[in-house]
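Visitor: my questions concern the predicted model and sequence given below.
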Amino acid sequence: MRFLAVMFLALASMSSYAEEVLVSEPIEKQVQELLLNNKSAEAYNLASENSELLGEPKFDFLLGLAALKVNKVHESVFAFERVIASAPNWHDARILLANAYLKANNIAASSAELAALKGEALNDAQLKKVAKLELEINTITASLDGALNNSVGLTFGQDSNINAGTSEDSIFIPSLNGDVPLSKASQKLSGHYWRLAYNGSYKKKLSQQQGIRLIWGVNDFQYANEGQYNRTIANIAGEYRFKKESTTYIGKGSITPLLLKGDFYRAETEFSFGAEHKLNKQYLLSSSIGFGWLDNKEIESLDAELLKFNLGATYLGQQALHKVSIFYIDEESSLDIGKYNAKDSAGLSYQMIYAFNDSMFYLAMLSYQKQSFDDLHPLFLVKRKETLRQLTNTIQYKINKKLSVQGLLSYQNKSSNLSLYEYDRFDTALTLKYQF
C-alpha cells in the first residue's frame, strides 16, 4: 500500500511548463505546440534536429523539457544547465534541472539546485514542486539507511473445501470396471479456521542504482474440526535490484517450507531473473524466467523440477494500478514413479489495486490456468487435462498508521476430465493486522 501511495504522488506530475514560455522563433513555437499536445517524442525529435539553436535559453528550456518527458535524462541535464548558465534566475528551469539531476541519480546536485532556490520569491506552484522533489530526495536518502518493517495478523475464516476435495461419493475405476466409494479424505471438507501470521522485510539501497530486499514470514493455520489439516507455511526470500536508466534488472531467490501437523511435509525452492522496463510514468513492462524444485518428504512421487516464464504489463492510473500477466510453468517429475504428475501449465492473470482514499483500498485478482499432464494416470489410464479458475477480492481499511482491518472473499474452481480432481472452493476471512 505504501508503494502505491508513493506512485500516486509521483503521478501528480509536472504542470505544463511549456505553456509558460513566450517564444518567437518558428521552431520554438512548433516544439512548444507539440509539448502542449502531449507529443513529447515528436517535440524531442524536432528540437534535436535543430542543434543550431543550442545556447538559446528558451530553446534549451523546451529541449530539456522534451528530453525529460521521453526519459533522455542526461540530455535534459545538459539543456537545463545551459539555461541556468544564461538565465540563473529562471526558477522553473532550476526546478526542472533539480528534477533531471534526481532522475540521473545525482542526489547531491539535485539538492544543491533546490538549496539555491531557498529565499527566492517562488509562487505557490513552484513551492509545491520544490516540496515534492525534497520529499523524493528524503525518501531515497532514508532508503540508503535501510528500512525494517514487521507485521502480525490474526485471521478468522470459513473455508468451504479445506482439502480441495471432490463432491463425488464414488469414482469409476476403468481397471476394475466399477465404482469405488471415496474415503472421507478425498471428499470435500468445510470448516472454520484461524490463522496467526508474522511477516517481516528489510529493504536497503546499496547505491542509487542498486538495492536489496529480504522478506520472511510464518503463517500458522488451525482448523476447528479438521485438525489433520493444521499447517504452518514459512517463507524466506531475497531480492537484488539494479537500475540502469528506464530498466531495472531483478534477481530473486526463495524457499517455502510447509509443515503439516508440526512435521515437515514439503518445501519449494525457486530462483528467478527478470527485468522491468518503465515506458513512462504510467506504463511498465516486465518479464522473468525462473527455475526451482519441489521436495516432498511424505509423497516422493510429487517431487518435481520447475521452469517458469512470465510476461507482464502494468498501468498506473490516478487511483488504480492494473497488471496483466501471462505465464507458463513446466513441471517435470524428479522420479520415474511420479511421471504421471508431470504437467505443463499456462495461464493469464489480472490484478487491480484501487485506492478509494488514503485509508481504504480494494484489491482484486483473477486468474485462468490450463494444465496438461504428460503421462497416463495409473488408475484411470488417461492423461489429465484441467482448468483452474480463481477470483480473489480484498478490502483493506487502515484504522491508523499501524493498525488495519481486511476482509477477503475468494473463489476457486477446478474442472477436469477426471471428476476426482474437480472441486469448488469458497474462502471468506476477516483479518486484523498490526504493523511495527
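Guide: That came through fine.

Visitor: in the sheet, who's paired with the closest residue to Leu294 other than its chain neighbours?
Guide: Nearest non-adjacent residue to Leu294, counting by C-beta to C-beta, 6 or more residues apart in numbering: Ala304, 4.5 Å away. Just so you know, the C-beta spots here come from the backbone N, C-alpha and C atoms, and that holds for glycine as well. Beta-bridge partners recorded for Ala304 (DSSP bridges): Leu294, Ser333.

Visitor: so what's Ala304 up against?
Guide: Contact partners of Ala304, counting by C-beta atoms under 8 Å, 6 or more residues apart in numbering, are Trp293, Leu294, Glu331, Glu332, Ser333, Ser334, Gly338, Asn341, Ala342.

Visitor: for ChimeraX, write the selection for the buried entries among those residues.
Guide: In ChimeraX, a selection of the buried entries from the contacts of Ala304 looks like this (16 or more other C-beta atoms under 10 Å):
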select :294,331,332,333,334,338,341,342
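
Visitor: how about the contacts of Ala304 in TSV, adding pLDDT and distance to Val382?
Guide: Below are these laid out as TSV (pLDDT from 0 to 100; distance: C-beta to C-beta, whole Å):
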residue	pLDDT	distance to Val382
Trp293	96	27
Leu294	94	24
Glu331	96	19
Glu332	94	20
Ser333	92	17
Ser334	89	23
Gly338	86	17
Asn341	91	14
Ala342	93	15
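
Visitor: picking up where we left off before, and the residue nearest to Leu294, how far from Ile329?
Guide: Ala304 sits 10 Å away from Ile329, going by C-beta to C-beta, to the nearest Å.

Visitor: try Gln158
Guide: For Gln158, the distance to Ile329 - C-beta to C-beta - is 30 Å.

Visitor: okay, these two: which has more neighbours?
Guide: Ile329 (17 against 14; other C-beta atoms under 10 Å).

Visitor: could you give the bridge partners of the more buried one?
Guide: Under the criterion used (DSSP bridges), Ile329 bridges to Lys308, Ser345.

Visitor: in the stretch 51-200 of the chain, which spans are helices?
Guide: 57-69, 73-86, 91-103, 107-116, 124-145 (DSSP state H, counting those that start in this stretch).

Visitor: among those helices, which is the most enclosed?
Guide: helix 57-69 (a mean of 25; mean count of other C-beta atoms under 10 Å).

Visitor: now that one against helix 91-103, angle please.
Guide: Per axes from the mean of the first three to the mean of the last three C-alpha atoms, to 10 degrees, the angle that helix 57-69 makes with helix 91-103 is 30 degrees.

Visitor: and the angle from helix 57-69 to helix 73-86?
Guide: 160 degrees.

Visitor: from the chain's centroid, how far away is helix 57-69?
Guide: How far helix 57-69 lies from its chain's middle: 33 Å, per C-alpha atoms, centre = their mean, to the nearest Å.

Visitor: mind saving the C-alpha coords of it as PDB?
Guide: Extracted as PDB, the C-alpha positions of helix 57-69 are listed here (Å, rounded to 0.1, in the frame of the first residue of the first chain):
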ATOM      1  CA  PRO A  57      17.700  29.800 -23.300                       C
ATOM      2  CA  LYS A  58      14.100  29.400 -24.400                       C
ATOM      3  CA  PHE A  59      15.000  26.700 -27.000                       C
ATOM      4  CA  ASP A  60      17.200  24.900 -24.400                       C
ATOM      5  CA  PHE A  61      14.300  25.000 -21.900                       C
ATOM      6  CA  LEU A  62      11.900  23.400 -24.400                       C
ATOM      7  CA  LEU A  63      14.600  20.800 -25.500                       C
ATOM      8  CA  GLY A  64      15.300  20.000 -21.800                       C
ATOM      9  CA  LEU A  65      11.600  19.600 -21.100                       C
ATOM     10  CA  ALA A  66      11.000  17.300 -24.100                       C
ATOM     11  CA  ALA A  67      14.100  15.300 -23.300                       C
ATOM     12  CA  LEU A  68      12.900  14.800 -19.700                       C
ATOM     13  CA  LYS A  69       9.500  13.700 -20.800                       C
END
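
Visitor: ok, now which ones touch Arg195?
Guide: Arg195 neighbours (C-beta under 8 Å, 6+ apart): Gly153, Leu154, Thr155, Gly157, Asn219, Asp220, Phe221, Gln222, Ala429, Thr431.

Visitor: quick check: PyMOL command selecting the buried ones in those.
Guide: Those of the contacts of Arg195 that count as buried under 16+ other C-beta under 10 Å are selected in PyMOL with:
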select buried, resi 153+155+157+219+221+429+431
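
Visitor: let's have the helices of the stretch 51-200 of the chain in CSV, adding distance to Ser48.
Guide: Output for the helices of the stretch 51-200 of the chain, formatted as CSV (distance: least, C-beta to C-beta, whole Å):
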stretch, distance to Ser48
helix 57-69, 8
helix 73-86, 8
helix 91-103, 16
helix 107-116, 24
helix 124-145, 26
